[in-house]
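Asker: This is the structure alone, sequence omitted:
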């Protein structure tokens, strides 16, 4: 329940009549009181076949009907494939009813017809259901005979109408909400922000709640008619569109009654024969006694298939056989096409391989095998002797590269520190990077790196 203070109608099945539903009303936490009765048409009647009919009447007086709905659907023959026709032994299925996109609610006193149209949605089917109610329903009281002869405001197309819309909350929920969406005058609609008018709760106990605080903004003269349209429209939408029944339109023409006792009947015995001993009814639980041997099993009567014209049956079988032959012919043709395509691909692959082999042989004859023999592999450079300079600390990789001679060290760097071992600023020079033996020693002078001739030379790079 949204709020116990709001007017709420509860739908409850009548205990004495399965075709009747009682609507109980409560407001401000009051006790439930029977207000309306939903009565369905008896499906056993011949005029009830292929129809859906429901009426909303008074609870105290059965003869008073406020509104009713009558839906007569159109029927369509379902299209079956050849396999389905063979499964039905060539018997065509019964036509299936098509759920209409709209239905009409007929109000009485005064007579008025409200059409509810379902709007299709790509994701959710019929998601919304729209209807219109005239803003003015009753004629103004007048003593003039001319005013009395005029039509009711409902019949006039110039009467302003208020637009409403039932909207489903989500795809996985059957709850709905009714909104006032705008106004229509002479076929021209003006949209307005949605205003909540009623809420429908679907579940174990169905209920319609009238959102009373927003009714002050609904400019409808016939408030009773609006209430009846909301209640009856919500019930029809639920039974036909939200949760359609197995036989909502009574196509079979007779109600499906459930058996109260599913036990088999006791077998009849002859007048002169002794009565069989033991209980003929067998218990299915583990503590029950075993069934007597002389009790025959119940005979189940198979339903007789409907009779059909032999000519029509032969025609259906001929069509099915012809479709089967055409399908087999298409399958064989498709298999041949696929096999031919695979053979062509294999031939093309072999042709390409033969062309490659032919071109390779031609090039071998023309140029021979000269240049394809690269000779023996080159020898790797000698590895450094691990016993060389073993006292100088960790070994360093030796680079066997031809590098230019290093420039002479300037005299201003000072003498090397004395020591017995190699522990100076740098390790002793390697034999590959040392200066040549015939290089003269630099002479002292003012210029660093001078050659002694008094001229300045450009410093050479050690790498380039």
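Answerer: Nice, thanks for sending it over. Just so you know, these numbers come straight off a predicted model, no measurement behind them. Residues are numbered from 1 along each chain as shown.

Asker: neighbours around residue 149, how many?
Answerer: 7 (other CB atoms under 10 Å). Every C-beta, even on glycine, is put in place using the N, C-alpha and C of the backbone.

Asker: Do you know the pLDDT at it?
Answerer: We have a pLDDT of 72 for residue 149.

Asker: where along this protein do the helices fall?
Answerer: 82-87, 145-149, 223-237, 310-367 (DSSP state H).

Asker: distance between the ends of stretch 101-111?
Answerer: 23 Å (CA to CA, to the nearest Å).

Asker: is it true that residue 186 touches residue 157?
Answerer: Yes: in this structure, residue 186 is within contact of residue 157 by CB atoms under 8 Å, at 6.3 Å.

Asker: So between these two, which is more surrounded?
Answerer: Higher neighbour count among residue 186 and residue 157: residue 186, with 11 against 8, using other CB under 10 Å.

Asker: rewinding a little: name the stretch among the helices of the chain that sits most buried.
Answerer: Comparing those by mean neighbour count (mean count of other CB atoms under 10 Å), helix 223-237 comes out on top with a mean of 20.

Asker: Mind listing residues that contact that one?
Answerer: 9, 11, 21, 23, 36, 38, 54, 56, 66-67, 69, 71, 103, 105, 107, 112, 114, 116, 129, 131, 133, 137, 166, 176, 178, 197-198, 200, 208, 210, 215, 218, 220 (CB atoms under 8 Å, 6 or more residues apart in numbering).

Asker: Are any of those residues buried, and if so which?
Answerer: 9, 11, 21, 23, 36, 38, 54, 56, 66-67, 69, 71, 103, 105, 107, 112, 114, 116, 129, 131, 133, 137, 166, 176, 178, 197-198, 200, 208, 210, 215, 218, 220 (16 or more other CB atoms under 10 Å).

Asker: Which members of these occur in strands, if any?
Answerer: Of the buried ones among the contacts of helix 223-237, the ones assigned to strands by DSSP state E are 9, 11, 21, 23, 36, 38, 54, 56, 66-67, 69, 71, 103, 105, 107, 112, 114, 116, 129, 131, 133, 166, 176, 178, 197-198, 200, 208, 210.

Asker: could you list every residue that touches residue 191?
Answerer: Neighbours of residue 191 in contact, by CB under 8 Å, 6+ apart: 181-182.

Asker: So residue 132 sits against residue 160, correct?
Answerer: No: Residue 132 sits out of contact with residue 160 when judged by CB under 8 Å, with a separation of 9.8 Å.

Asker: where are the low-confidence patches of this protein?
Answerer: 1, 121-126, 147, 155, 246, 253-308, 370-378, 384-464 (pLDDT under 70).

Asker: list the buried ones in stretch 202-222?
Answerer: 202, 206-211, 215, 218, 220, 222.

Asker: ok, these vs residue 47, which is closest?
Answerer: Nearest to residue 47 among these is residue 206, at 28.3 Å by CB to CB.

Asker: Please report how far the closest one lies from residue 169.
Answerer: 15 Å (CB to CB, to the nearest Å).

Asker: ditto for residue 178
Answerer: Taking CB to CB, one finds residue 178 at 12 Å from residue 169.

Asker: so what's residue 185 up against?
Answerer: Residues in contact with residue 185 (CB under 8 Å, 6+ apart) are 158, 160-161.

Asker: export those residues to CSV and tack on distance to residue 79 and neighbour count?
Answerer: Listed next are the contacts of residue 185 as CSV, based on distance: CB to CB, whole Å; neighbours: other CB atoms under 10 Å:
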residue, distance to residue 79, neighbour count
158, 47, 8
160, 46, 14
161, 41, 21
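
Asker: Quick check: strands, which of these are part of them?
Answerer: Using DSSP E, the members of the contacts of residue 185 that fall in strands are residue 161.

Asker: Save the contacts of residue 185 as JSON lines, and put in distance to residue 329 too.
Answerer: Output for the contacts of residue 185, formatted as JSON lines (distance: CB to CB, whole Å):
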{"residue": "158", "distance to residue 329": "67"}
{"residue": "160", "distance to residue 329": "67"}
{"residue": "161", "distance to residue 329": "62"}
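
Asker: and of the contacts of residue 185, the nearest to residue 150?
Answerer: The closest of the contacts of residue 185 to residue 150 turns out to be residue 158 (CB to CB; 12.9 Å).

Asker: wait, doesn't the closest one sit right on residue 186?
Answerer: Yes: with contact defined as CB under 8 Å, residue 158 reaches residue 186; the gap is 5.7 Å.

Asker: before we move on, back to that, quick one, which of the helices of the chain is nearest to residue 62?
Answerer: Here helix 223-237 is closest among the helices of the chain (CB to CB), at 16.8 Å.

Asker: on that earlier part again, mind listing the shared neighbours of residue 132 and residue 160?
Answerer: Counting by CB under 8 Å, 6+ apart, the shared contacts of residue 132 and residue 160 are residue 184.

Asker: need the contact list for residue 88.
Answerer: By CB under 8 Å, 6+ apart, the neighbours of residue 88 are residue 80.
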